[in-house]
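>>> Predicted model follows, preceded by the sequence.
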Amino acid sequence: MMRLMLKHFLSPKFIVPALVVGAAVALTAADAVKKSLGYEATSPLIPGTKWHVHDGTRPVPPVVTPAATFSHLAPPPSDATVLFDGKDLSKWKSGKGDAGWKIEGGYMEVAPKSGSIQTKDSFADFQLHLEFATPAKVDGNSQGRGNSGVLFNGVYEVQVLDSYENPTYPDGQCAALYGQSPPLANASKKPGEWQSYDIIWESPRWDADGKIAKKAAVTVIHNGVVVHHRKEYLGNTPHQNNGNYNKPHAPEVFIQLQDHNNPMRFRNIWLRSLRQYDQP
Ligand code: MG
C-alpha cells in the first residue's frame, strides 16, 4: 500500500499539478508585495494605457548594470550655461528666497525641509547634464528612500530615487516620468555612488486658443543607458492623479530640484540651449 501511495505521489500526474499550485502561490505572494507598493485601487487610469497612476502591478523595468562612469564629471562645452560648479548656489533660489541647501566638497546637499530649489533663469529647449547621489546610508524604503526629482517649471518631473534593490511602483522609480511612464531600464547605481542624468528637454507649446499644440517631451540617459527616447509627458505630474495641459506657460521653464526630505546630493549641472536646424 505504502509503495503504491509513494508511486502515486512521484507520478508526473501528481508532481506537475503540485508544481503548478506551488508556482501559483509564489506568484500570488509576489503580486501581493507589488500591490502593497502601489495605488491602483485608488488612482485613475492613465489615458492610453491599461495602468492606473502608481500601479504596483505594472511591469518592472529590467535592471541594467551601468558602467563605472559615463558622463560623470563631464566638463561643460563652450556654449553651455553652468548652473552649478560645486562652489555656490548663485544661479538658484528657493520658492521664498535664497536657496538654503548646503555646499560641501564640490556638491550641494538637500537640507531637508528647507524646500525645493530652482534656477533663477528659464530656458526653452535644451540639453541638461547633472549628477546626483542618494544617501550612502540606506534609510527608509520605496518612495521614502533617496527621493528627489528634476522638475521642469516645477510641474514635469523626472524622478530621482534610490532605486537600487528598492521596489516601488514602477512609474515612481528612478528616472520615471512620475506617475506616467516607468523608465525603459533600471540603470541605478548603488547608494552613495554618483549617477549621471543627460536629459534633452523639449518644451510644450500651445496654440493661440490655449489648446496644446506640442506636448513636452524628454530624452533621458541615466548612467549611459537610454531610459526615455523623446517620450511625451501626458501633462504635469501630480501624485496619484493624471496631469493635463490646462495651464499654458511660456516655453522658457525653470529647473527645479526637489526637497523630498532626504539628504540628496547634486553636482556638475550645466545646460546647452538647442537651436533649430538651419536657424540663421
Ligand atoms: Mg520625487
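Perfect, I can see it now.
>>> so what's the backbone phi/psi at the closest residue to Leu151 other than its chain neighbours?
Among residues not flanking Leu151 along the chain, Gln256 sits closest, at 4.2 Å (Cβ to Cβ, 6 or more residues apart in numbering). No exception for glycine: its C-beta is placed from N, CA and C like everyone else's. Note on Gln256: its backbone torsions stand at phi -120, psi 140 [degrees, to the nearest 10].
>>> and the gap between Gln256 and the ion?
According to Cβ to the ion, to the nearest Å, Gln256 stands 11 Å off from the ion.
>>> before we move on, what about Asp121?
Distance from Asp121 to the ion, by Cβ to the ion: 23 Å.
>>> And the pLDDT at the residue nearest to Leu151?
At Gln256, the model reports a pLDDT of 98.
>>> same check, this time on Gln159
Per the predicted model, pLDDT is 98 at Gln159.
>>> So it is in contact with Gln173, correct?
Yes - assessed by Cβ atoms under 8 Å, Gln159 is found in contact with Gln173 at 6.8 Å.
>>> Give the residue from the two that has the larger number of neighbours.
Under the criterion of other Cβ atoms under 10 Å, the comparison of Gln159 against Gln173 puts Gln159 first, with 26 against 23.
>>> Quick check: the gap between that one and Asn141.
Counting by Cβ to Cβ, to the nearest Å, the gap from Gln159 to Asn141 is 15 Å.
>>> what does Lys247 give?
On the measure of Cβ to Cβ, Lys247 and Asn141 end up 34 Å apart.
>>> how much space between Lys50 and Leu234?
14 Å.
>>> quick one: which of these two has more around it?
Neighbour count, other Cβ under 10 Å: between Lys50 and Leu234, Leu234 has more, with 21 against 8.
>>> near the ion, which residues of this protein show up?
Within reach of the ion by Cβ under 5 Å from the ion, the chain has these residues: Asn147, Gly149, Gln258.
>>> Spit out the contact partners of Val64.
Applying Cβ atoms under 8 Å, 6 or more residues apart in numbering to Val64 gives the contacts Ala185, Asn186, Ala187, Val225.
>>> how about the strands of the stretch 151-280 of the chain, start to end?
For the stretch 151-280 of the chain, applying DSSP state E, counting those that start in this stretch gives strands covering 156-160, 195-202, 205-206, 212-214, 217-222, 225-232, 255-257, 265-273.
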